[in-house]
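S.K.: sequence and computational prediction follow.
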Amino acid sequence: MALRHFILAAVFITMMFAAIPDSYAAGHTFQLTLRLSDTQSEVYVPGTGAMPSASITNRTYTPTHWFIASYLSNALKALVFAGADPASIKANRTTYSHYITLSQGLDGSKTLLAFTSGDWKAVSNRMDMIEAGSFLAQPFPSFAYGLGAANVIKIMLGYADVDILNDLMLGKGRHPMRIENAGASGRKIMLSITS
C-alpha cells in the first residue's frame, strides 16, 4: 500500500543487501525516491542551495555533501548517503508533488531517511560524522536532538490524524524497518511499523 504522508520525529533506515551476491552488486546502482505530496516545500542540495519545490525541473546534482532535503513549516524529510559509492542526487516535481532521489552503488549501499523537525541544517550539522562513518556508532544517532549518552531522550509520537497500530522497540544496532499504510479509520491514517 502507498504511504501518502506522514511525519515521524526521527526514523533511520539502513538499506542492507546482504542477500545479494557481491558479483551481482558490483556495477549496479540502487535508487531511493521519496514522493512528497506538496509543491510548497523548499528543497536543499549542498553546493546548490535551497530552491522552491514548485520551481524544480528534472535535474541531477553532484553535491558537495551527499544529501538532499525537503522542508516546510519546520518539518524536514531528507535522504542522506552513508555508504561507499554515491552516484547522484535528483529533484523533480509534478503538478501536485515533488520527488527527491538518491542513487548509489548497490554494493555497500546505505541510506539514512530523516523525518524530523527543522530544516536542512539538521542534516548538514551531522555530515562530518556521517562522512567519517561515526554517526551510527553514536549511542543514540539522531537528527532530532543532541548526540551523546548523558541525556537520553525518548521520542513519543502523538498526532491526531495518524494512528500507529503497534509498538516497536529496537535495541542498539541496525534493524530493518517497514512502515506500511494500513488504510484509514475515519479521518485517521493507520500505520503499521514492523521490523
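M.R.: Received, thanks. Numbering: from 1, shown residues only.
S.K.: remind me which residues of this structure are low pLDDT?
M.R.: Where the chain drops to pLDDT under 70, the residues are 1-27, 145-159, 172-173.
S.K.: how about a cut-off of 90?
M.R.: Flagging of the chain using pLDDT under 90 yields the residue ranges 1-38, 57, 62, 73-76, 82-87, 103-118, 133-195.
S.K.: next SSE downstream of the lengthiest helix in it?
M.R.: Determined from DSSP state H, the single longest helix within the chain is helix 127-132. Downstream of helix 127-132, the first helix or strand assigned by DSSP states H and E is strand 162-164.
S.K.: can you show me the CA trace of the longest helix of the chain as CSV?
M.R.: Coordinates of each C-alpha in helix 127-132 appear next as CSV, following Å, rounded to 0.1, in the frame of the first residue of the first chain:
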residue,chain,number,x,y,z
MET,A,127,27.5,15.4,7.9
ASP,A,128,31.1,15.4,9.3
MET,A,129,30.2,12.4,11.5
ILE,A,130,28.2,10.7,8.7
GLU,A,131,31.1,11.1,6.2
ALA,A,132,33.6,9.9,8.8
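S.K.: quick test: name the residue nearest the centre of this structure.
M.R.: Centroid check for the chain by C-alpha atoms, centre = their mean gives residue 113 as the closest residue, at 1.7 Å.
S.K.: hang on, isn't that residue packed against residue 76?
M.R.: No. The pair residue 113 / residue 76 is not scored as a contact, 10.9 Å apart, by C-beta atoms under 8 Å. No exception for glycine: its C-beta is placed from N, CA and C like everyone else's.
S.K.: from residue 186, how far out is the residue nearest to the centre of the chain?
M.R.: Remark: distance between residue 113 and residue 186 (C-beta to C-beta, to the nearest Å) = 28 Å.
S.K.: over to residue 167?
M.R.: Distance from residue 167 to residue 186, by C-beta to C-beta: 22 Å.
S.K.: likewise for residue 54?
M.R.: Residue 54 is 32 Å from residue 186, by C-beta to C-beta.
S.K.: again with residue 109
M.R.: For residue 109, the distance to residue 186 - C-beta to C-beta - is 39 Å.
S.K.: the more surrounded of those two?
M.R.: Each of residue 109 and residue 186 had its neighbours counted (other C-beta atoms under 10 Å), and the higher figure belongs to residue 109 (27 against 7).
S.K.: would you say that one is within a strand?
M.R.: No. Counting by DSSP: H, G, I helix; E, B strand; the rest coil, residue 109 falls outside a strand, being coil.
S.K.: and it, backbone torsions?
M.R.: With angles defined as degrees, to the nearest 10, residue 109 sits at phi -70, psi 140.
S.K.: pretty sure it is touching residue 83, no?
M.R.: Yes. Using C-beta under 8 Å, residue 109 is in contact with residue 83, at 4.8 Å.
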